[in-house]
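Asker: sequence and predicted structure below; questions after.
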Amino acid sequence: MWLLVRQPESGIMNSKQPIGVFDSGVGGLTVVRALMERLPNENIVYFGDTARVPYGVKSRNTIEEFTMQIVEFLLQHQVKSLVIACNTIAAVAYKRVQQMVGNMPVLSVIEAGAQEALKVTRNNHIGVIATNTTVNSNAYARAVHAHNPDTRVLSQATPLLVSLVEEGWLDHEVTRLTVREYLKPILADDVDTLILGCTHFPHLKPLIKQEVPHLELVDSSITTAEATAQALAAASLLNTSEQTPDYRFYVSDIPLRFQTIGERFLGRSLEQIEMMRLG
Ligand code: DGL
């Protein structure tokens, strides 16, 4: 199916062009995994800025500058839509990305997570766990309030959880105690729904469920894949081809443990990784 939406680089887009997915590092592979499951025909190009991760402690200006470089790189791959898999990037640079790409669909984990949380909450008290920069930006609260200003949103920065997930300590006593400590203010506020507002946190779902069984957990990777499917359908850009999809992974550095961590996040073997320095 050929489409008729304008793209800044090439002038036209078609459904066989890849979806561009990007993140500060390896974490966005959770979103790629959800996209592969929800949209198995789609070609995907991924960029993870592994040389400059973490973004979650960096300033808005720096993140915007890095993001513009990543988007330029993905546009060179003739992507038909962009998925901002990184909560921190989505929190501070979403508008900037939209301005750069004109009418191309741009999906953000934050908008998808906020909408899902509003569907799920029964008492209108939503909690968010995320990086420092995401929490400081107040992006989740703004996204929720844009739909329902009467909802209470309590955000908690949980930076240690990023390293614990990368370490693979998904069912470890240290992680359990850290989660317990971080969740105290959220639970004290009678929150019934918790947005996992960081690429790494879907891996902690079983542990958090054990700790607080009554909390509804919003996994932004799944909600973003669903939102992507809907946006592509609306733009007549869904790839209906039966061809085996093409997956390409670009990173700005290949640290020693990249393969192991990446495969855990992606849930399958990670092939076709290329290194690409930006900036
Ligand atoms: N990908 C980031 C996020 O979802 C977490 C890692 C980082 O701090 O860069 O917020």
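Answerer: Looks like it came in fine.
Asker: would you mind listing what in the stretch 1-150 of the chain touches the ligand?
Answerer: With Cβ under 6 Å from any ligand atom as the criterion, the stretch 1-150 of the chain meets the ligand at residues 23-25, 27, 53-56, 86-88, 131, 134. C-beta: built from backbone N, CA, C; applies to glycine.
Asker: output the below-cut-off pLDDT ranges for the stretch 1-150 of the chain.
Answerer: 1-11 (pLDDT under 70).
Asker: how about the contacts made by the residue lying closest to residue 227 once chain neighbours are set aside?
Answerer: Spatial nearest neighbour of residue 227, chain neighbours left out: residue 112 (4.2 Å); criterion: Cβ to Cβ, 6 or more residues apart in numbering. Residues in contact with residue 112 (Cβ atoms under 8 Å, 6 or more residues apart in numbering) are 220, 223-224, 226-227.
Asker: and the helix or strand encompassing residue 112, what's buried?
Answerer: For residue 112, the host element (DSSP states H and E) is helix 109-120. For helix 109-120, a neighbour-count test (16 or more other Cβ atoms under 10 Å) marks 109-118 as buried.
Asker: the ligand: which of the residues you listed is nearest?
Answerer: Of all the buried residues of helix 109-120, residue 109 has the smallest distance to the ligand: 7.2 Å, by Cβ to the nearest ligand atom.
Asker: so that closest one sits against residue 91, correct?
Answerer: No. Residue 109 is beyond contact range of residue 91, at 9.2 Å (criterion: Cβ atoms under 8 Å).
Asker: out of the residues of the stretch 1-150 of the chain next to the ligand, list just those in strands.
Answerer: Among those, the members found in strands (DSSP state E) are residue 23.
Asker: who wins on neighbours among the residues of the stretch 1-150 of the chain next to the ligand?
Answerer: Greatest neighbour count in these, by other Cβ atoms under 10 Å, goes to residue 87: 35 neighbours.
Asker: my guess is it meets residue 109, correct?
Answerer: Yes. Applying Cβ under 8 Å, one finds residue 87 in contact with residue 109, separated by 5.3 Å.
Asker: now the common contact residues for the two.
Answerer: Shared contacts of residue 87 and residue 109, counting by Cβ under 8 Å, 6+ apart, come down to 197, 199, 220.
Asker: smallest gap between the stretch 51-200 of the chain and the ligand, at which residue?
Answerer: residue 56 (2.6 Å).
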